[in-house]
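Participant: A predicted structure for the sequence below; I have some questions about it.
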Amino acid sequence: MTRHRDVELLAVGAGPSNLALAVALEELAPAELATNSLLIEQSETVAWQRGMLLPWTQAQVSFLKDLVTLRDPCSKFSFLNYLHSVDRLNEFVNLGTFTPYRTEISDYLQWVANSLRKVRIEYDRQCAAIEPVHDSAGVLTGWLTRLSDGSTIGSRFLAIGTGRDAYVPPVFSELPDRRLIHSTEYIPRINELSKDLPYHVAVIGGAQSAAEMLYSVQQDLPSCQATMVMRSVGLNNYESSKFTNELYYPTFTDDFFAAQPLAREQLLREMHRTNYSGLAPQLLDALYRQLYQERLVGKRRMQIITMTDLTAARMDSDEVVLELTDRKTGAITELRCDLVLLGTGFVPQMPRMIRRLGEALGIERVDVTRNYRLITDGKATAACYLQGVNEATHGIADSLLSVLAKRTSEIAGDILACRAQPRPPVVQTAHGEVSRVSMAR
């Protein structure tokens, strides 16, 4: 028999976005809302960048940009209070850095999840589908979330914070899955491989995740050779001046949302290298020093191929054959390898889950308000909030930790406003028009 239950708010995905929302509900919302809110997570634990939790990697943002500090520096859910609770505050202060190790951020998120007293979290709950619920008059009254175990959850409010879908370029469509590892799956997949075999590994991409895999795989598979292939002219540092970093302030979201379309495009284009297509300086230096030492001793284990398009991929017996086209000369060469690591990022369109929800609502494109609420056609007493996928309308910081504390307080406030009246308040978008995000498949 199918099991069903109802909550007032259901948050899908227990990553940083929905954890920050849970904290905001605990601290800002009435107890009856917080205690009737549920987070579901498909994994057995909370983790940050689970597939790339390499022990030596550091966060690229300040520890002060945690789930709460920029909203309430006195909150018990701060990163500093986490360090104090695990008796590591003195050591962290002595380390003298603003950027903790990635594993510390991940541990902090699990600590926050364990510290919640009102909002509940359930693990091993995978969302299979979400359907809108209408009454007999056609008013949208809620959401029905179907889980993979056959159970269902009804809710008036919904928050989706599952992140974007991993991008696997179409050129790899004919390769078997066992030969491809996206960065989101790097650690569990690489741990399945024998450490003794002399693999030849190709790493695709030229940004942080690709560079981390290039560096790490040479330790994880000690006998391997690694070749990085990228379209750009070479590896570069992130652009990280204090002037451009001001565009990551939570307060800048208002400026971006109110900007004209051409200004938004310029901002996203010029800010691209502050978050994409760049490397942390320490990793960039480590990779160059490795190349230098290999040239010095005449033993090459790592190669970086620049300004090259990957134009085809096929299997030849037990080898992967990549066709490489030099962007300078047009010359075509082949790279034979055993394994392909994809540092290719994420699909820029809305995640499949949100696209399917939009189709069920009968809308062709997602409309998002300033307060991150999905705009639905017709009357509604229910609301759905999208977190971390609104870069086109809310700025380049939308998918990052930088704005979580402020964003979730705004979402919590919008939920409280919706609860206070029979219909959600009408939110006028900038320039009298709805901000649009593509629903392309």
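Facilitator: Right, received. Where do you want to start?

Participant: Give me the domain ranges for the protein.
Facilitator: Each structural domain of the chain that the record assigns through automatic domain parsing is listed here as a residue range: 4-165+347-437, 170-238+278-342.

Participant: between the ones you listed, which gets the lowest average pLDDT?
Facilitator: In terms of average pLDDT, domain 4-165+347-437 trails the rest of those, at a mean of 92.

Participant: Near Glu131, how many other residues are there?
Facilitator: As a burial measure, the neighbour count of Glu131 was computed by other Cβ atoms under 10 Å and equals 15. For every residue, glycine as well, the C-beta is placed using N, CA and C.

Participant: meant to ask about Thr381, not that
Facilitator: Using other Cβ under 10 Å as the criterion, the residues surrounding Thr381 number 16.

Participant: That one reaches Arg156, doesn't it?
Facilitator: Yes - the pair Thr381 and Arg156 qualifies as a contact (Cβ atoms under 8 Å) at a distance of 7.2 Å.

Participant: about what we covered before: so which of the domains of the chain is the most packed in?
Facilitator: For the domains of the chain, the stretch with the most neighbours on average is domain 4-165+347-437, a mean of 19; neighbours defined as mean count of other Cβ atoms under 10 Å.

Participant: in the stretch 201-350 of the chain, which spans are strands?
Facilitator: Per DSSP state E, counting those that start in this stretch, the stretch 201-350 of the chain carries strands over the ranges 225-229, 302-305, 308-316, 319-326, 332-337, 339-342.

Participant: Oops, could you answer that again for the stretch 1-150 of the chain instead?
Facilitator: Taking DSSP E, counting those that start in this stretch as the test, the strands found in the stretch 1-150 of the chain are 4-12, 37-40, 120-122, 127-134, 140-147.

Participant: neighbouring strands for the second one, and are they parallel or not?
Facilitator: The one in question is strand 37-40. Paired with strand 37-40 in the same sheet, following DSSP bridges, are strand 4-12 (parallel), strand 120-122 (parallel).

Participant: outside of the longest one, which residues touch it?
Facilitator: Read it as strand 4-12. 18, 21-22, 25, 33, 36-40, 127, 130, 143, 145, 151-162, 353, 415 (Cβ atoms under 8 Å, 6 or more residues apart in numbering).

Participant: switch the cut-off to 6 Å
Facilitator: Residues from elsewhere that reach strand 4-12 (Cβ atoms under 6 Å, 6 or more residues apart in numbering): 18, 33, 36-39, 127, 145, 152-160, 162.

Participant: Same check on the last one?
Facilitator: Applying Cβ under 6 Å, 6+ apart, the contact partners of strand 120-122 are Ala14, Leu38, Leu39, Ile40, Ala113.

Participant: wait, isn't the third one in contact with Leu19?
Facilitator: No - counting by Cβ atoms under 6 Å, no contact exists between Leu39 and Leu19, whose distance comes to 7.4 Å.

Participant: Next one: the residue nearest the centre of the chain from Phe63, what distance?
Facilitator: Residue closest to the mean C-alpha point of the chain, counted by Cα atoms, centre = their mean, is Gly163 at 4.5 Å. If you measure Gly163 against Phe63 using Cβ to Cβ, to the nearest Å, the figure is 21 Å.

Participant: same question, Ala166
Facilitator: Using Cβ to Cβ, we find Ala166 at a distance of 27 Å from Phe63.

Participant: With that, I have no additional questions.
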